[in-house]
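Visitor: the sequence and its predicted three-dimensional model are supplied below.
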There are 2 protein chains.
Amino acid sequence: MHWIDPTKTDAWDHLDELSKHPIDLTSYVPWAERIRDMQCSTPLFRLLFATERIDEDGIEALAALARETQAVEQFEMMLGGAEMNCTTGADNERCQVLHTASRDVFDDLRYSVDGRVCSSPSDAVKLATQRLDDLESFLGEIRGEFTDLVQIGIGGSDLGPRAIYAGLPEFRADGRRVHHISNVDPDDAAQVLDNLDLGTTLVVVITKSGTTLETLTNQELVVNRFAKLGLSEKQVFGKHFVAVTAEPEKLKFPYRRVFPMDGYIGGRYSATSMVGGVSLAFGLGIDNFREILRGAREMDLNALRRDPRENLSLLTALLGIWNRNFLKCHSVAVVPYSEILGRFVAHLQQLDMESNGKRVNRTGDAILYATGPIVWGQPGTNGQHSFFQHIHQSKTIVPCEFIGFRRCQTGFDGSYKGTTSQQKLLANLIAQAEAMATGQASPGNANKEFPGNRPSSVLIGDKLTPRTMGALLAYYENKVAFQGFVWNINSFDQEGVQLGKKLADKNLGFYDAESPDSTGYILMKAAGLV
Amino acid sequence: MHWIDPTKTDAWDHLDELSKHPIDLTSYVPWAERIRDMQCSTPLFRLLFATERIDEDGIEALAALARETQAVEQFEMMLGGAEMNCTTGADNERCQVLHTASRDVFDDLRYSVDGRVCSSPSDAVKLATQRLDDLESFLGEIRGEFTDLVQIGIGGSDLGPRAIYAGLPEFRADGRRVHHISNVDPDDAAQVLDNLDLGTTLVVVITKSGTTLETLTNQELVVNRFAKLGLSEKQVFGKHFVAVTAEPEKLKFPYRRVFPMDGYIGGRYSATSMVGGVSLAFGLGIDNFREILRGAREMDLNALRRDPRENLSLLTALLGIWNRNFLKCHSVAVVPYSEILGRFVAHLQQLDMESNGKRVNRTGDAILYATGPIVWGQPGTNGQHSFFQHIHQSKTIVPCEFIGFRRCQTGFDGSYKGTTSQQKLLANLIAQAEAMATGQASPGNANKEFPGNRPSSVLIGDKLTPRTMGALLAYYENKVAFQGFVWNINSFDQEGVQLGKKLADKNLGFYDAESPDSTGYILMKAAGLV
């Protein structure tokens, strides 16, 4: 495929023109028709985008941009096994991007979209299926042995699985708990280990490269705790430790089991692979893990639709591009009106910022247009009592992506002043989108004026279940991929983390040896570290 | 005092001029001298700012800006009881801002700075002292009665106290645990209540106004749980419930005790008042709570120094203004290399964005210059495996405030490959600041190039203790206040949250009655809520 510079398309010029006079949401707007027309539904979710600062012409221009940049065709290529992790230039990665295959394991979800067959490469499907079966048999093997699981991993081996587990408290298997150690900060591990009976604890060590320093360091900390129980290394690893890795030969210990991670699955896209599988199937049960995969697969199929008005991930990707490149907003706030999705925002932050925080396109040239935004947020209504002053009245426009569910997960709710807590939660969500869009005049007191015209969207589902969670995960994975396809950047490498790693390695040497000419050494000395 | 428009000062023009050619940190820099000269210390902290993109001329111009806008004089006025919560215009709040008095309770910390006496109004000091004594006597009264405390509050009644408790795990009182319910989301309360023995649980309800809907709703949920134990309302409230409020007459129940909150303490500045006091003194012990106050008071005294080179909060405020108004950065990432400070970033987000996310100055006029940035972040090293790709290589510059401690809190650490976890943690912190500043060329492969010249600072302390935590809290409170003083905005009101509240109230009515012409109703119907 010939990569297309989005700024060279007709659609880009058209969008540029349209952005000079975006719709004014503060004066008369035919809201009933607008809201009716500006929504997109899948079986599990509905996206309301009438409160974005765009009209039908803009949506059509965005659709044209997707067509001209062949966004859906690129998604098909990815799904089909093309080497989409590629940037022209010596020493850059080049490989397939097949996290979608990890959930392409359902015979009833192998149908066609728009007349096209939507299957992953058959060997990847076979591997994914086999790995799920292996996981299930392992869970059978350890039945009754463990009450707790500690997952040691960082970044992609931590954020997604942790967010999913935190988001599904009602679906936890009885008598089982999952814990996470990620940071090399020893205070992190200490907090987890202090409340644990190691005798009934399974440890999962996840490192794609087999060499992640934080993870191997934390493994050592945990192994030493086991050693204090008088167990030999063989006893500890033979019973209590399993690993997930793409480089099994780099691991030095006799793990009870090593679950393979495929090289073609990037860390931040790995929650539906064995990276998420081991802890989630342990903590939620294998059936719930399969439901997560089902929801994700359904969303992948939706992402193959050519028309963005029917393709939820593509639509939200395009609206994000509108806000980023044409309305010039630097960040996006993801605000789930669901406290248990608090960790999910941290996952999205990685997914999006590590994928699309780039300044070089796939032909290796520095680019002039803006790419991935800063992604941040906290659950509502809490956020309303925190940063919403800034959202409504500051000089910086922050588009918001609201997420809500009609029903709470636990079913534990009560009525106060005539409405339930869940009803209050959702009335607040809608109110924020409305307030941001419409604003409020305040003649004579600018301090109480709301300028309005602040874009947002509302993604609404019925209830957060494993299937919904899987769909939500894939929705954002696919959104990020679509944006990368349109921006013509490689969303699947992360060269930007290398320099910090290299300098950290160098700095570690300064604990032993002075190096008065090195900037790192001088900084460490000034900080009182050496 | 006559408020000064910062853009009308000579210093502003000078800074504007200097910002056209900021120092290049990627080519030759005399790092040894620069790092030696660009630091500021207090007994508990040292700020290294050589990796900011500024030189001595810039620092001097920032100091001039502080002088011309009378930043320290305004801080003195605040401390002394002036009505600093003020914006010209009908219906705006007007009151004193005296959260600093809540920690002005130490006879040995009532000395003078630069020859000036630094005392709070004596009646406020008297009240603060008395409230602490009352709290101590209450703790004596309940000794042995409770194992758990549940704090119900949202926003300022939640974020600060919660962050402080989460940040001091090693200082927790034996056999006591503190929990927090904030969100009106019923799944939030359910998760806390499911693991609790209510018989030995004390509930603290915190609402400054006495009418916070989320808090009263959650109180009702919790009361109903108690009722299921067969207790009468009188039994429940007489034993298990206390309140903290500025409006005791608005509360409807016979609480065991009502702790007053002073009207002159804003929610987001209230962690050192009884808002934080009840839960922190219960969970950490009264002596540790006093240590938090001591650290905060010490930092308040430091904030009275006229020279920003000796005034840590003012210095960081000015560096933030340089990055925001002159280098045009929209956001700042706070990255503590301490996992237990993860919640602290959420507190800072509220503190900063609710205070300074404003577009109107104190004379009630809309302003043209930028004010408070977006504040976000996650602990390192985790952040390195998440959003640091974006920090190092995206097109958007995000200044970082790194925070680190030479020693871990728990003392539980181990060696792996010749260094401890804590040493690895700090080597990474320094490496990020260095990599951001210096960058790295990569001839022939732009994908591996790091542009550098990305500003950051490093705040380093010895160990996170109650006293250090109090100092860190006040450091940021004072930073935010100083920025507001320079920007000539009112950092102490929050009119921007009102419209959302009003519309949410209206939307609540739609669960009972149709209103086909209302935007909120149409949105709720489209979302399937009504």
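Guide: Here it is on my side, so go on.
Visitor: burial count for residue A:442?
Guide: By the measure other Cβ atoms under 10 Å in any protein chain shown, the count of residues near residue A:442 is 15. Where C-beta positions appear, they are placed from N, C-alpha and C, glycine not excepted.
Visitor: I should have written residue A:10 there, sorry.
Guide: Residue A:10 has 11 neighbours, counted by other Cβ under 10 Å.
Visitor: residue A:28 too?
Guide: 6.
Visitor: how much space between it and residue A:449?
Guide: The spacing between residue A:28 and residue A:449, counted by Cβ to Cβ, to the nearest Å, is 19 Å.
Visitor: ok so residue A:457 is a strand residue?
Guide: Yes. Counting by DSSP: H, G, I helix; E, B strand; the rest coil, residue A:457 is part of a strand.
Visitor: can you report phi and psi for the closest residue to it other than its chain neighbours?
Guide: Closest residue to residue A:457 apart from its sequence neighbours, by Cβ to Cβ, 6 or more residues apart in numbering or on different chains: residue A:49 at 4.6 Å. For residue A:49, the backbone dihedrals (degrees, to the nearest 10) come out as phi -130, psi 20.
Visitor: how about residue A:49, what does it touch?
Guide: With contact taken as Cβ atoms under 8 Å, 6 or more residues apart in numbering or on different chains, residue A:49 is in contact with A:38-40, A:315, A:319, A:457-458.
Visitor: in strands only, show me the residues you listed.
Guide: Counting by DSSP state E, the contacts of residue A:49 place A:39-40, A:457-458 in strands.
Visitor: most neighbours, which of those?
Guide: Highest neighbour count within those, by other Cβ under 10 Å: residue A:458, with 26 neighbours.
Visitor: show the pLDDT at that one.
Guide: We have a pLDDT of 98 for residue A:458.
Visitor: that one: what's it in contact with?
Guide: A:47-49, A:51, A:402-404, A:429-430, A:433, B:523, B:527.
Visitor: what is it paired to in the beta sheet?
Guide: With DSSP bridges applied, residue A:458 shows beta-bridge pairing to residue A:48, residue A:402.
Visitor: out of the ones in strands among the contacts of residue A:49, flag the one nearest to residue A:108.
Guide: Relative to residue A:108, the closest of the ones in strands among the contacts of residue A:49 is residue A:40; by Cβ to Cβ it sits at 23.7 Å.
Visitor: show me where the stretch 1-150 of chain A has its helices.
Guide: Assigned by DSSP state H, counting those that start in this stretch, the stretch 1-150 of chain A shows helices spanning A:10-18, A:31-37, A:56-68, A:71-80, A:122-141.
Visitor: closest one to residue B:272 among these?
Guide: Closest to residue B:272 of these, according to Cβ to Cβ: helix A:31-37, at 45.7 Å.
Visitor: remind me, longest helix of chain A?
Guide: As assigned by DSSP state H, the longest helix anywhere in chain A is helix A:466-487.
Visitor: and it with helix A:71-80, angle?
Guide: Helix A:466-487 and helix A:71-80 are oriented at 120 degrees to each other (axes from the mean of the first three to the mean of the last three Cα atoms, to 10 degrees).
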